[in-house]
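> Got a sequence here, can you model it:
(one chain, ligands or ions: 1)
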Amino acid sequence: MEMNIWQQEEERLELVRNKLQVRISELEPEVAGLHDQATDIRKRFWEEVTMNTGSNEDFEESFYTINQQSAVLAERERGHQRLMQQWKNVKRLLPSPYFGRIDFQEKGLSFSEKIYIGVSSFVDQDGLSFLIYDWRTPIASLYYDASPGVASYVTPSGTIDGTMELKRQFQIQNGTINNMFDANETIGDDLLQHVLGSGADSQMKSIVATIQKEQNAIIRNDTSRMLIVQGAAGSGKTSAALQRVAYLLYKHRQTIKADQIVLFSPNPMFASYISTVLPELGEENMQQTTFQEYLDYWLDSTLQSEDVFDQIEYVLTKHNTPGYEARLQGMEYKTSESFLQALQNYGLWLGREGMQFSGIRIQKRDLITAEQMKERFYGYDHTLPLINRVALLQEWLLNELSSLERAEREASWVQEELNYLDTEQYVEAFGMLHKEKEIFDVAERYAAILRDNKSKRRGDEGDFDFTQREEELLRQKIVKAYFKPLKKSVKNFSFVNLQAIYGQLFVGEAAYKVRTNGAPVPTLWSEICRETQEMLDQNKLFHEDVTPYLYVKELIEGVRTNSEIRYVFVDEGQDYSSFQYEYLKKLFPRARMTVLGDFGQAIFMQSTSLVGDHSPLVRLFGETDTSMFCLLRSYRSTREIVEFTKAMLPGGEEIMPFDRKGPKPLLTKLDSRDNRDAQILADIAALRDKGLESIAIITKTAAESREAYHLLQSQGNETLQLITKETIHFEKGLMVIPVYLAKGVEFDAVLVYEASSQIYGKENERKLLYTACTRAMHELYLYTFEDWSPFIQALPADLYEISS
Ligand SMILES: Nc1ncnc2c1ncn2[C@@H]1O[C@H](COP(=O)(O)OP(=O)(O)OP(=O)(O)O)[C@@H](O)[C@H]1O
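Numbering: from 1, shown residues only. This is a model prediction of the structure:
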């Protein structure tokens, strides 16, 4: 680039930085005093306010003044927040004020405007001239979407046409321009090369400076209820999702707060991996959770559920155990739309017959039996929906319990309990009695007397009939202690025997067909029934049963909803079943959904295809309310790694590597386990010497991870971390990790611990191997001491190197 252009840009940078500096020094003293001021205002507010309640007019007057003052206070606090935000923004801008510039001449105007783009806007002292435009402003979209030439952008008040005369990218660090490129295309490759060539981090980075056109379309789409993104491994799905959150928070800043957006991530470690992106962009983090967390929250505490990781561990390690085939078939069926349909029909059947209740008992005695409930339930108007009848029954039970509670006070067991009451309980009752008579102070004296004279209570406490009243109170209290939890459990629907209701679906084919309006069953149905029942008998649920179980629960008890949430993001969306999507839709009735995933990495049993005719996701909100995007360019890995991995996937031809060069994947075959481990350690040492800091040894299962960890550690590697499903923080370094936990994250180098046909031989293991290999950014090594996996054997030999 010409010298004088550099110079001009440097001068401009200097100018903007000076202005930023001035703004910081103006804001600093104000911000420093803000906290104290806010407390002070609040304090003074209450000191200054006097409530005159003399007459109605006085009262009204005071009330009016308070209202007015509190509005002033709120406004001042908002002002403070704005100042604070401004201060944070300018501080964030100072080291690197902007990353892009476009010169745009609007049609009909005789001059072009220089638009500098950064992570937030910065306006000059005059309050009008934008020295920096926020990357989320409408005009900034030109930077991502358009090439120099005729261009237009959309604003809330219409489309603006014009000509883009220049598009320039900057790399500015600590106030110095390190690099500058003029781009012809959309965001040019030079800058991307630079960004992608650097090392992996323990935290994901924001990509605002280099967002690609196709990613920008996802980030800014705000029209449809459902947005589906199918994208190859490393194509920037998670990145796009996070920048999209930042965009939505900016666009709807008057109406939506960060806690009204929730992101479902694949595991807790992933949450820590992405947690810094939004703060880096000056936004608060959205809520983050895992689907498992939700399931655990809604499931009855009496039931223990298998989690998704134990499920996959079972699938991958228990091939030769009895019942395996049936379990797999069960997983497939229980996550299918056909089962969902069957359950909907089951709900209708329950409206006619078959509801199961749990009787309410006290002192080993039936208070209200299950039969009574059933009779009452089916006595209600049959045209009423199931949920309404359950609500009626609940109301009836609560009323019944109140009358039974009154009657129960006379029961003989209450008398017995009365005899065993301790001093404190008497004192309490006595205290209450005196409250009734407005004599509080004697309660203590009475306690002292009671303590001295515990065994012989006198029945003559004066003119008030203490003994009788006291006994009444105590009886009330005793009975209440028993009834309170009963009422609470009725409020929690525990009179519905959900376990039995779910269980009666699994008693045999004939019954199942009757109850589900003839739903077809898989071939191993009787075995599936036996396995499911066996779990229920132990108060357990297979993972594949949890969502259907909750679904049935909601058919009966009504849907619990969270209408605060306005946007739901599901990352690794291929790993959710139709059931789970139905569930999410119901749970968040006011939310728009963004689902991002890659069917090439669908490694869990419940996986769903995101796009295509078979996608239940499209049906969720209907085609007209659904937008679909496809990301085919893969940014994470070098060209060599992408060429290698995409050849493993049927249909992988369409994946396009970003042109970043690196060594070809290296295949190392050894003659024994020990030699393999020794070689891995030697390779790790060499990789570290080359400066690669984040290195993962990826295994298929957790069991294999543990084994690898112990073997490698015993050979002298102390810095090794073992990642398990319990790991919460993702830390850069050397680690052993099962592939299903490595989803969504990336490493400088990946070493596939054992890529043999034994480990990755079956068709359902192909995607596991693909997922493992696609975690690598710069280097990929694969090892075996047996035969290579067929998925590797099938690859063209020019895609890899063989270690000699
Ligand atoms: N436009 C971009 N500019 C710079 N880096 C990018 C861009 N898009 C993606 N990347 C980088 O590519 C890598 C992969 O991105 P990301 O994790 O978002 O992809 P993904 O599609 O979610 O991957 P996977 O499905 O394999 O987990 C990250 O390092 C990310 O920073």
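> Residue of this structure nearest the ligand, please.
Relative to the ligand, the nearest point of the chain is residue 236 (3.0 Å; Cβ to the nearest ligand atom). (Each C-beta comes from the backbone N, C-alpha and C, glycine too.)
> Now do the strands in the stretch 651-800 of the chain.
656-657, 666-669, 695-699, 721-722, 734-738, 747-752, 776-784 (DSSP state E, counting those that start in this stretch).
> which strands and helices sit next to the third one?
Under the contact criterion of 3 or more Cβ pairs under 8 Å, 6 or more residues apart in numbering; DSSP states H and E, strand 695-699 touches helix 673-689, helix 702-714, strand 734-738, strand 747-752.
> can you list the strands of the stretch 651-800 of the chain in JSON lines and add mean neighbour count, mean pLDDT and distance to residue 404?
Formatted as JSON lines, the strands of the stretch 651-800 of the chain follow (neighbours: other Cβ atoms under 10 Å; pLDDT from 0 to 100; distance: least, Cβ to Cβ, whole Å):
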{"stretch": "strand 656-657", "mean neighbour count": "18", "mean pLDDT": "92", "distance to residue 404": "72"}
{"stretch": "strand 666-669", "mean neighbour count": "19", "mean pLDDT": "97", "distance to residue 404": "75"}
{"stretch": "strand 695-699", "mean neighbour count": "27", "mean pLDDT": "97", "distance to residue 404": "59"}
{"stretch": "strand 721-722", "mean neighbour count": "16", "mean pLDDT": "94", "distance to residue 404": "56"}
{"stretch": "strand 734-738", "mean neighbour count": "25", "mean pLDDT": "96", "distance to residue 404": "54"}
{"stretch": "strand 747-752", "mean neighbour count": "26", "mean pLDDT": "96", "distance to residue 404": "64"}
{"stretch": "strand 776-784", "mean neighbour count": "26", "mean pLDDT": "97", "distance to residue 404": "67"}
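> got the contact list for stretch 172-179?
Stretch 172-179 has contacts (Cβ atoms under 8 Å, 6 or more residues apart in numbering) with 6, 9-10, 13, 17, 94-99, 170-171, 190-191, 194.
> 6 Å instead, please
17, 95, 96, 170, 171 (Cβ atoms under 6 Å, 6 or more residues apart in numbering).
> Just the ones of these in strands?
170, 171 (DSSP state E).
> Just the buried ones out of the contacts of stretch 172-179, please.
Buried members of the contacts of stretch 172-179, scored by 16 or more other Cβ atoms under 10 Å, are 17, 96, 170, 171.
> What does the pLDDT read for residue 641?
pLDDT for residue 641: 97.
> can you put the helices and strands packed on strand 695-699 in CSV and add distance to residue 280?
Converted to CSV, those look like this (distance: least, Cβ to Cβ, whole Å):
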stretch, distance to residue 280
helix 673-689, 28
helix 702-714, 31
strand 734-738, 24
strand 747-752, 21
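> need the ones you listed in CSV with distance to the ligand, can you?
Output for these, formatted as CSV (distance: least, Cβ to the nearest ligand atom, whole Å):
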stretch, distance to the ligand
helix 673-689, 18
helix 702-714, 19
strand 734-738, 14
strand 747-752, 11
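> For the stretch 651-800 of the chain, which residues are neighbours of the ligand?
Residues of the stretch 651-800 of the chain found near the ligand (Cβ under 6 Å from any ligand atom) are 744, 746, 774.
> Lowest pLDDT pick from those residues?
Ranked by pLDDT, these bottom out at residue 744 (90).
> returning to that earlier point: let's see if you can find the most crowded of the residues of the stretch 651-800 of the chain next to the ligand.
Using other Cβ atoms under 10 Å as the neighbour test, these are led by residue 774, with 30 neighbours.
> Could I get the contacting residues of that one?
233, 645.
> Please list the residues of the stretch 501-650 of the chain that sit near the ligand.
598, 635, 636.
> give me the number of residues near the second one?
When counting by other Cβ under 10 Å, one arrives at 22 neighbours for residue 635.
> Likewise for the first one?
Residue 598: 27 surrounding residues under other Cβ under 10 Å.
> residues touching it, list them.
Counted by Cβ under 6 Å, 6+ apart, residue 598 has contacts 231, 233.
> Skipping adjacent residues, who's closest to residue 146 in space?
Distances taken as Cβ to Cβ, 6 or more residues apart in numbering place residue 164 nearest to residue 146, at 5.5 Å, with adjacent residues excluded.
> neighbours around that neighbour, how many?
Going by other Cβ under 10 Å, the residues that sit close to residue 164 add up to 21.
> Is it bridged to anything, and to what?
Beta-bridge partners for residue 164, by DSSP bridges, are residue 104, residue 149.
> Verify the stated contact: it with residue 153.
No: judged on Cβ atoms under 6 Å, residue 164 makes no contact with residue 153 at a distance of 9.6 Å.
> Could you check how far the nearest residue to residue 740 once chain neighbours are set aside is from residue 371?
Among residues not flanking residue 740 along the chain, residue 312 sits closest, at 5.5 Å (Cβ to Cβ, 6+ apart). Per Cβ to Cβ, to the nearest Å, residue 312 is found 43 Å from residue 371.
> Return the member of the residues of the stretch 501-650 of the chain next to the ligand nearest to residue 673.
residue 636 (30.5 Å; Cβ to Cβ).
> Pretty sure residue 347 sits against residue 555.
Yes: using Cβ under 6 Å, residue 347 makes contact with residue 555 at a distance of 4.1 Å.
> Just want to know which of those two has more residues nearby.
Each of residue 347 and residue 555 has its neighbours counted (other Cβ under 10 Å); residue 555 has more, 21 against 18.
> For the stretch 601-750 of the chain, which residues score under the pLDDT cut-off?
605-606, 613 (pLDDT under 70).
> quick one on the thing from earlier: can you lay out the residues of the stretch 651-800 of the chain next to the ligand as TSV showing distance to residue 404?
Shown next, in TSV, are these (distance: Cβ to Cβ, whole Å):
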residue	distance to residue 404
744	54
746	62
774	63
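> Return the closest of the residues you listed with respect to residue 412.
residue 744 (63.9 Å).
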